[in-house]
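[1] Quick one, fold the following:
(chains A and B)
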Amino acid sequence: MLAYAAKRLALAILVALFVSAVAFALLRLSGDPALAIAGEGARQADIELVRKTYGLDRPLIVQYLDWLCTIARGDLGQSLYFRTDVSGLVADKLPVTFWIGGLSILFALALSIPLGVLAAVFAGTSIDRAALAIAVVGQALPTFFFALVLMMLFSINLRWLPVSGSDTWAHFVMPTIALGYYVTPPMMRLVRAGMIEVLGSDYIRTARAKGLSGTSVVFKHGLRNAVVPVVALAAVQLGYLLGGSIVIETIFALDGLGYLAYQSITHKDFPVTQAVLLLLSLIYVLLTLAADLLNAFLDPRIRVS
Amino acid sequence: MDGTIITPVVAPTPAEGALPAPGVLRRVLGHPGLVAGMVLLGLCVAMALLAPLLAPYDPYAQDLNQRLIPPVWFEKGSWAHPLGTDNLGRDYLARTLYGARISLLIGLSAMLISGLIGTTLGLVAGYLGGRVDLFVNFIITARLAMPVVLVALAVVAMIGGSLLVVILTLGLLKWDRFAVVMRSATMQVRALDYVAAAEAAGASRLRVLAGEILPNVFPHLIVVATVEAGSAILEAALSFLGLGVQPPLPSWGLMIAEAKSFMFFSFWLIAIPGTALAALVLGINMVGDGLRDVFAPEGRA
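    Numbers count the residues shown, from 1 in each chain, chains lettered A, B, ... in the order given. I've put the predicted structure just below:
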C-alpha cells in the first residue's frame, strides 16, 4: 500500500507542477507583462526599466521557479480588472463554488444510487429501461439549455425561485439540479453495473439461501459493496463539476469561482484566469489522488498491478 | 448492459450469446436503441446536407418588419415562417437547419483531430509499455486535471473566436478519451498470440501496430469516435458564452445566447435550437452505446 501511495503521490506532484507551468505559460502568452505594468503608451525606456526591476529579463525557467515560490507563499498577483490582489478575490468566491459543487454531488448521489439499484434489481424490465432512459437523456441535455428551461419553469412560470444571484439557499436550487443532473448518468450506470455483478455473486446467493429478506440482501450485502467505486467516481466527478460550474454560475450569476473565471476571461484579466485555472486543477489533482488511494485501500488488487 | 436502452415499447432482445453467430446487420437491426439513435443522427445529417433545399429563406436575410414571429403552432404564427423568426427577423427554420451544419462540422473535425492525437498516444503507450507508457499516462492525467471549458474559453479569448479556432481548440483538448480507451485496448491485444507471431516473423514495430493491432482495436476506436462527435455540445457551450463561433453564423449555441434576452416572452427561440442540439447529442450517444453493444461487448460498463 505504501509503495503504491508513494508512486501515486509522485504522479500527483508531477501533474501539479505541469499544470502550474501551463498556467504560467497562459499568462505569458496573453501579452508582455512589462507592458501591462508600465501601462499603455509607456516609452520604450520605461518598459525596459520595468523589465529590469521586476526581473522579467531573466531566463524563463528562473522566472517560473521564482513565480512558483511566490504562489507558494499565497501571493497570486494583482487583478487588472478588479484592482485587488487575486488571492483575496479567489478566497472570497471559493465557498460559493464549493457549496454548489458539494450540493450537486449530493443531488447526483441521491438520484443515481436509488435509480441504479432499481435498474439492477429489475434488470431487463421496463423499470430498468426507464432508468436508463433518464441517464441517456441526461447525458444529451446541454447544461446551459437545461438551466434555461429550469429558469423558465421555476422562476418565470411558477415564480417559486429567484432567477439569479447567490444570496439565499433558494438561489442554489436550480444550479444544483442543473449541474447534478449532468453528472448523474455515469454514476447511475456504475451503480447499476456494480449491483448486477454483486447480486450475481456467490455470497449473495448464500445470503438468500440463509433466508434473508430481499431488501436486506440488496441493501446490506449488495449495495455496500457496489457503492465503493461510485464514491471514488463521485470524487472525480466533483472535479469535472467545478470545471462545468463556469457555465452554470454564469447563467445564474452565482458569485463563485466559475463566474469569476468567466468575468476575468471576458475582461482579459488573465492573472485571475490563471489563478482559477491553477486552483481548479489542483483541486482535481487532490480529489483524484484521494479517490485512487481510497480505491486501493478498499481493493488490494489495484495496489499490486 | 442490455441492448435495449430507450424505447420501452419493444421487447428486449434475446441474450447475445444465445444467437447462433448472427450477422452484424441483424445485430444492428435487433438493437432498438441503436436503430433509434441512427434515425435521430440521420435526421440531423439530412438537415445539414439538405439545408439549402429545405430552408425557405436565406438564414442571414434580415427583415425588420417580421421580427419575433412565433412558430406556426402558436395563435399568431403562420406557415410563412413555420418556426417563426428571431429578433432580427431572420427565418428560424432556415437558421436551425443551417445550424446543423455548424454543429456537425465542428463535432466531426474536432473528433478527427483529437482522434489522431489520442489514438497515436494510446497505441504507442499500450504497445511499447514501460517508460513510454508512464509518460503518456502522465500526459493524460495532466490533461484531465485542467478543466476543458476554462482552457478553451481562455484560448479563444486570446486568439479570437472563429470556426477554425474553435475546431482546433476542441480538437487539441479533447483527445483524452481516445488515449485512455486505445491504451487499454492495445494492452489487451498486445498480449495475444498473433502479435507475438508477427513479431517472431520479423515484422517491424510500425508494421505490427498498423497491421496487427490497429485492426483489432478498431471497434473500440469507432465507439469512442462516435461519442466524441458529441463535442458539438462543447462548441455550443463556448458559443453560448460568446467565446466560440461568432455572429451572424447560425450556431445553435449562439442562437440560444442571442435569444436569452427575449426568453421571457419568446421561449421558443431557446427551445428550438436547444431541442435540436439535445436530439443530435442523444442520437450520437445512442449510436455510440449501441455500437459498443454490437461490436465491442467486452468493453461495456
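[2] Please state the offset of stretch A:218-229 from the chain centre?
    25 Å (C-alpha atoms, centre = their mean, to the nearest Å).
[3] per-residue confidence averaged over that stretch?
    Mean pLDDT, stretch A:218-229: 73.
[4] Can you list the residue ranges for helices in the chain?
    Just so you know, I chose chain A. Counting by DSSP state H, chain A has helices at residues A:2-29, A:33-38, A:44-53, A:60-72, A:86-121, A:126-140, A:143-150, A:173-199, A:202-209, A:214-216, A:224-252, A:257-266, A:270-298, A:300-304.
[5] if you could check chain B rather than the one you did, that'd help
    B:24-29, B:32-54, B:92-128, B:130-145, B:148-159, B:163-173, B:176-190, B:193-200, B:205-207, B:214-228, B:232-240, B:252-259, B:268-295.
[6] could I get the second one in CSV with only the CA atoms?
    Coordinates of the C-alpha atoms in helix B:32-54 are reproduced here as CSV (Å, rounded to 0.1, in the frame of the first residue of the first chain):
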residue,chain,number,x,y,z
PRO,B,32,-33.7,-0.8,-30.9
GLY,B,33,-31.5,1.8,-29.1
LEU,B,34,-29.0,1.7,-31.9
VAL,B,35,-31.7,2.0,-34.6
ALA,B,36,-33.4,4.9,-32.8
GLY,B,37,-30.0,6.6,-32.5
MET,B,38,-29.2,6.1,-36.1
VAL,B,39,-32.6,7.6,-37.1
LEU,B,40,-32.0,10.7,-34.9
LEU,B,41,-28.5,11.1,-36.2
GLY,B,42,-29.6,10.5,-39.8
LEU,B,43,-32.2,13.2,-39.4
CYS,B,44,-29.6,15.7,-38.2
VAL,B,45,-27.2,14.8,-41.1
ALA,B,46,-30.1,15.1,-43.6
MET,B,47,-30.9,18.6,-42.1
ALA,B,48,-27.3,19.6,-42.6
LEU,B,49,-26.9,18.2,-46.1
LEU,B,50,-30.3,19.3,-47.4
ALA,B,51,-30.3,22.7,-45.7
PRO,B,52,-30.2,24.7,-49.0
LEU,B,53,-33.1,22.7,-50.4
LEU,B,54,-35.2,22.6,-47.2
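[7] Any buried residues in it, and which?
    Buried residues in helix B:32-54, counted by 16 or more other C-beta atoms under 10 Å in any protein chain shown: B:32-38, B:40-41, B:44, B:47-48, B:51. Any C-beta I mention is one placed from the backbone N, CA and C, and that applies to glycine too.
[8] now the longest one
    Buried residues in helix B:92-128, counted by 16+ other C-beta under 10 Å: B:92-104, B:106-107, B:109-111, B:113-115, B:117-128.
[9] now the buried residues of helix B:32-54 as JSON lines including pLDDT?
    Formatted as JSON lines, these follow (pLDDT from 0 to 100):
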{"residue": "B:32", "pLDDT": "83"}
{"residue": "B:33", "pLDDT": "84"}
{"residue": "B:34", "pLDDT": "89"}
{"residue": "B:35", "pLDDT": "91"}
{"residue": "B:36", "pLDDT": "91"}
{"residue": "B:37", "pLDDT": "91"}
{"residue": "B:38", "pLDDT": "92"}
{"residue": "B:40", "pLDDT": "92"}
{"residue": "B:41", "pLDDT": "92"}
{"residue": "B:44", "pLDDT": "92"}
{"residue": "B:47", "pLDDT": "91"}
{"residue": "B:48", "pLDDT": "90"}
{"residue": "B:51", "pLDDT": "84"}
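[10] List just the nearest of those to chain A.
    Taking C-beta to the nearest C-beta as the measure, chain A lies nearest residue B:33 of the buried residues of helix B:32-54, at 8.0 Å.
[11] Wait, that closest one touches residue B:286, no?
    Yes - look at residue B:33 against residue B:286 with C-beta atoms under 8 Å: they come within range, at 5.2 Å.
[12] out of the helices of chain A, nearest to residue B:232?
    The closest of the helices of chain A to residue B:232 is helix A:126-140. By C-beta to C-beta, the value is 11.1 Å.
[13] got the angle for that closest one vs helix A:143-150?
    Here the directions of helix A:126-140 and helix A:143-150 differ by 110 degrees (axes from the mean of the first three to the mean of the last three C-alpha atoms, to 10 degrees).
[14] Helix A:126-140 and chain B in contact?
    Yes - using C-beta under 8 Å from any C-beta of the partner chain, helix A:126-140 reaches chain B at A:126, A:128-130, A:132-133, A:136-137, A:139-140.
[15] hmm, back to that, and chain A, which of the helices of chain B is closest to it?
    helix B:268-295 (3.6 Å).
[16] and the closest one, is it in reach of chain A?
    Yes - Helix B:268-295 comes into contact with chain A (C-beta under 8 Å from any C-beta), by way of B:270-271, B:274, B:277-279, B:281-282, B:284-286, B:289.
[17] quick revisit: using JSON lines, please lay out the helices of chain A together with mean neighbour count.
    Below are the helices of chain A laid out as JSON lines (neighbours: other C-beta atoms under 10 Å in any protein chain shown):
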{"stretch": "helix A:2-29", "mean neighbour count": "16"}
{"stretch": "helix A:33-38", "mean neighbour count": "17"}
{"stretch": "helix A:44-53", "mean neighbour count": "14"}
{"stretch": "helix A:60-72", "mean neighbour count": "13"}
{"stretch": "helix A:86-121", "mean neighbour count": "20"}
{"stretch": "helix A:126-140", "mean neighbour count": "20"}
{"stretch": "helix A:143-150", "mean neighbour count": "22"}
{"stretch": "helix A:173-199", "mean neighbour count": "23"}
{"stretch": "helix A:202-209", "mean neighbour count": "13"}
{"stretch": "helix A:214-216", "mean neighbour count": "10"}
{"stretch": "helix A:224-252", "mean neighbour count": "22"}
{"stretch": "helix A:257-266", "mean neighbour count": "25"}
{"stretch": "helix A:270-298", "mean neighbour count": "21"}
{"stretch": "helix A:300-304", "mean neighbour count": "11"}
